[in-house]
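**Student:** I would like to see how this sequence folds:
(one chain, ligands or ions: 2)
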Amino acid sequence: MAPVISPPDTTFEEEKPGWKGYIEWEKYPEKKALAHEILSKYKFSDPPEFQNRPLPDTNPVIISPRWREYHDALGIGHIVDYSWEVVQKEKPDIIHLLQFPYNGETRFEQLLKGRLTDNKYHFIRNHGGVPDINEDAFELEIGGLVNTPVKLSLKELQDPSKFTQSEVTVTLQCSGTRRVEQIKEYPGEGDELINAPWGEGAIGTATYRGVALKKVLKYAAGGVLPECKHIEFLGADTYFKKKNVYNYAVSVPYRKVKANEEVLLAWEMNGKPLPKIHGFPLRVVVTGYIGARSVKWLYKINALTEPSMGPVQRQEYLYYTTQIGKQNAKYSNGFSIQQMPVSSAILEPTDKKVIIHDGKITLRGWAYSGGGNWVERVEVSPDGGSVWYAVEVDDMTEKHYHAWRLWKIDVPIHAEGWLEFCVRTWDSSNNTEPTYVRSAWNWDLHVTSSAHRIKVYSVNKTRPATAARLKYLEENGIPFEPLTKPFEFQLEPTEEYLAKTRVYKREPES
Ligand SMILES: Nc1nc2c(c(=O)[nH]1)N[C@H]1C(S)=C(S)[C@@H](COP(=O)(O)O)O[C@H]1N2
Ligand SMILES: [Mo]
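**Tutor:** Ligands and ions are numbered 1, 2, ... in the order given. Just a heads-up that it's a prediction; the model follows:
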């Protein structure tokens, strides 16, 4: 049962004025130790089970008290309340997959609206609460293996005479996108902070304005020292793992940062200030990498010799082979997922839909590849992966180095009944997607890159018998759906039945 944590033993206060919801764990090891001591005293509610049972049909879909309890135990429950207020204000109309830490998924009709996803509908993946940072109080600290450690205000960063600004159109995709398909195949790691059961909507595209990190390191911090190989980013939110607290920390190789506009410090999203939930006032945008590296509420950058020791970098976002599971997984034997593989999804029609058509079925969806590879070709198969039709080039949104292409295709369909469609994408390096989920299944359930599949029920009106039955239904005001509802009328008059079965006898003559 949930522990009742009231009152808390100690209340951890925010140290910096104007930075609500930011506890400086990384700066004060003694605070971290005290938090650990407090958290160790409690037995918290178990993470919810949803892999071995169907997802609830509610919104929020999953409500788990565990993270609320962590915050309450440290006397910082106000962060949880504030985060939900921000969700209701900034994201009132998306699928609230997990209430706290907030995970929100974009509905398909919003994904299909256009090349850029409206900020109001862009998906959200949080590991903790939403900090509330005053932009005038904001400063970004740059340290570690740089020539001149510095602190920069937002105004300085945004001063075009100091740093040239860039706008880059970027698709951010959570490495958990389409995880439900892996879960359906086999249950996998049940993470402490749940491996959210995302569908096809943990992806979105925006044009971000900011400055290339490469330039900031060069002009503000005098460049990095030769031994610098990785750049670490710290976010102001509180991150919990196995009864320890941290600030959110990950890293990317310096090699990536050197490629000019591939790592951006951004303050604008689609021409508007970053929403609070997307990292206001400043976030990192790492192009072509899993969403997890694009740190929100960025407050510190460190130049390092090795990847970040933060648990998000070191202990999570690891790709284990199908055979490495609960019995063998270690942090060192999974590889670190950085670049996103090529993947795609069918958003329309949705799975198990009945489609009454004139000999062709229209499908729509997204296609994306990471690592600077762009989408070259999207192919759809109406028979589970034998025959493939390519999307016409005019039926895809424009090419970008770092963003998806939305696509549409009319697939000729003569057959009726249940059909299995799937989609696969080819990127500019000629990578494509494995045909089956099992081929790329992994214990931590990341990067579902296999061909996305849907089943639809085809009713082809160009076939005379089908047209006749549909006409009869229409004339008599009988709906075709639900598919499972039996007709009350006889399927055939007795005379017709007898005429047929006397010519085409049911039993052989001899
Ligand atoms: N500070 C911080 N940054 C973060 C996260 C987080 O929990 N805290 N989540 C990461 C993950 S896993 C993803 S997928 C992206 C999602 O970005 P979005 O919420 O703006 O869509 O943010 C990343 N940056
Ligand atoms: Mo993510």
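
**Student:** close to ligand 2, is the helix or strand hosting Phe240?
**Tutor:** Phe240 belongs to strand 230-241 when assigned by DSSP states H and E. No: Strand 230-241 is not in contact with ligand 2 by CB under 5 Å from the ion; minimum separation 12.7 Å. Quick note: C-beta positions are derived from backbone N, CA and C, even for glycine.

**Student:** ok, now stretch 366-374?
**Tutor:** No: using CB under 5 Å from the ion, stretch 366-374 never reaches ligand 2; the gap is at least 12.8 Å.

**Student:** Quick one: end-to-end distance for that stretch.
**Tutor:** This stretch, stretch 366-374, spans 12 Å end to end (CA to CA, to the nearest Å).

**Student:** Could you list the residues in contact with that stretch?
**Tutor:** Residues from elsewhere that reach stretch 366-374 (CB atoms under 8 Å, 6 or more residues apart in numbering): 111, 171, 173, 200, 203, 259, 262, 287-290, 339-345, 347, 375, 378, 396, 399-407, 423, 425, 427-429, 431.

**Student:** Mark which of those residues are part of helices, please.
**Tutor:** Leu111 (DSSP state H).

**Student:** Among the contacts of stretch 366-374, the buried ones, what's the PyMOL command?
**Tutor:** Typed into PyMOL, the next command selects the buried ones out of the contacts of stretch 366-374 (criterion: 16 or more other CB atoms under 10 Å):
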select buried, resi 111+171+173+200+203+262+287+288+289+290+339+340+341+342+343+344+345+347+375+378+396+400+401+402+403+404+405+406+407+423+425+427+428+431
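
**Student:** Mind checking which of the contacts of stretch 366-374 land in strands?
**Tutor:** When the contacts of stretch 366-374 are checked against strands (DSSP state E), the matches are 171, 173, 203, 343-345, 347, 375, 378, 405-407, 423, 425, 427.

**Student:** and which of those is nearest to Thr321?
**Tutor:** Nearest to Thr321 among the ones in strands among the contacts of stretch 366-374: Ser343, at 18.8 Å, using CB to CB.

**Student:** residues in contact with the closest one?
**Tutor:** For Ser343, the contact set (CB under 8 Å, 6+ apart) comprises Gln173, Thr177, Arg178, Ala367, Tyr368, Ser369, Thr425, Glu433, Val447, Thr448, Ser449, His452.

**Student:** What's opposite it in the beta bridge?
**Tutor:** Beta-bridge pairing of Ser343, defined through DSSP bridges, involves Tyr368.

**Student:** Now for the residue of the chain found nearest ligand 2, how many residues are close by?
**Tutor:** In the chain, the residue that lies nearest ligand 2 is Cys174 (3.3 Å; CB to the ion). Neighbour count for Cys174, taken as other CB atoms under 10 Å: 24.

**Student:** all strands for the stretch 51-200 of the chain, in order.
**Tutor:** 95-98, 103-105, 124-125, 132-133, 139-144, 150-153, 165-173 (DSSP state E, counting those that start in this stretch).

**Student:** For the longest one, which helices and strands make contact with it?
**Tutor:** Spelled out, it's strand 165-173. When contacts are defined as 3 or more CB pairs under 8 Å, 6 or more residues apart in numbering; DSSP states H and E, strand 165-173 sits against strand 203-212, strand 263-269, strand 283-286.

**Student:** Give me the phi and psi angles of Gly359.
**Tutor:** Phi and psi for Gly359, reported as degrees, to the nearest 10, are phi 100, psi 0.

**Student:** ok, for it, nearest residue in space, not its chain neighbours?
**Tutor:** Excluding its sequence neighbours, the residue lying closest to Gly359 (CB to CB, 6 or more residues apart in numbering) is Thr462, at 4.5 Å.

**Student:** Against Lys360, how distant is the one you found?
**Tutor:** Look at Thr462 and Lys360: by CB to CB, to the nearest Å, they are 9 Å apart.

**Student:** With Gly114 instead?
**Tutor:** Gly114 is 24 Å from Lys360, where distance means CB to CB.

**Student:** Distance of the nearest residue to Phe50 once chain neighbours are set aside relative to Glu105?
**Tutor:** Leaving aside its sequence neighbours, Phe50 sits nearest to Pro197 (CB to CB, 6+ apart; 5.9 Å). From Pro197 across to Glu105, the span is 10 Å (CB to CB).

**Student:** same thing with Met340?
**Tutor:** For Met340 relative to Glu105 (CB to CB), the value is 17 Å.

**Student:** How about Arg506?
**Tutor:** Counting by CB to CB - Arg506 and Glu105 are separated by 52 Å.

**Student:** What residues sit buried inside whichever strand or helix holds Lys214?
**Tutor:** Using DSSP H and E, Lys214 maps to helix 213-221. By neighbour count on 16+ other CB under 10 Å, the buried set for helix 213-221 is Leu213, Lys214, Lys215, Val216, Leu217, Lys218, Ala220, Ala221.

**Student:** Let me see the confidence value for the fifth one.
**Tutor:** What it means is Leu217. Listed pLDDT for Leu217 reads 98.

**Student:** So for it, what's the nearest residue that isn't a sequence neighbour?
**Tutor:** That would be Val224: by CB to CB, 6+ apart, it lies 5.9 Å from Leu217.

**Student:** got it, and Gln173?
**Tutor:** Ile203 (4.3 Å).

**Student:** Who are the contact partners of Thr466?
**Tutor:** Glu416, Val459, Asn460.

**Student:** Tell me if I am right that it is in a helix.
**Tutor:** Yes: using DSSP: H, G, I helix; E, B strand; the rest coil, the secondary structure at Thr466 is a helix.

**Student:** Against Ile355, how distant is it?
**Tutor:** Distance from Thr466 to Ile355, by CB to CB: 12 Å.

**Student:** same question, Asp118
**Tutor:** According to CB to CB, Asp118 stands 28 Å off from Ile355.

**Student:** residues in contact with Ala206?
**Tutor:** By CB under 8 Å, 6+ apart, the neighbours of Ala206 are Leu116, Thr117, Asn119, His122, Thr169, Val170, Leu172, Met269, Asn270.

**Student:** ok, now with 10 Å
**Tutor:** Taking CB atoms under 10 Å, 6 or more residues apart in numbering, we find Ala206 in contact with 116-119, 122, 168-172, 266, 268-272, 274, 278, 285, 403.

**Student:** go on, Ala137?
**Tutor:** Lys16, Pro17, Gly18, Trp19, Lys20, Ser153, Leu154, Pro281 are the contacts of Ala137 under CB under 10 Å, 6+ apart.
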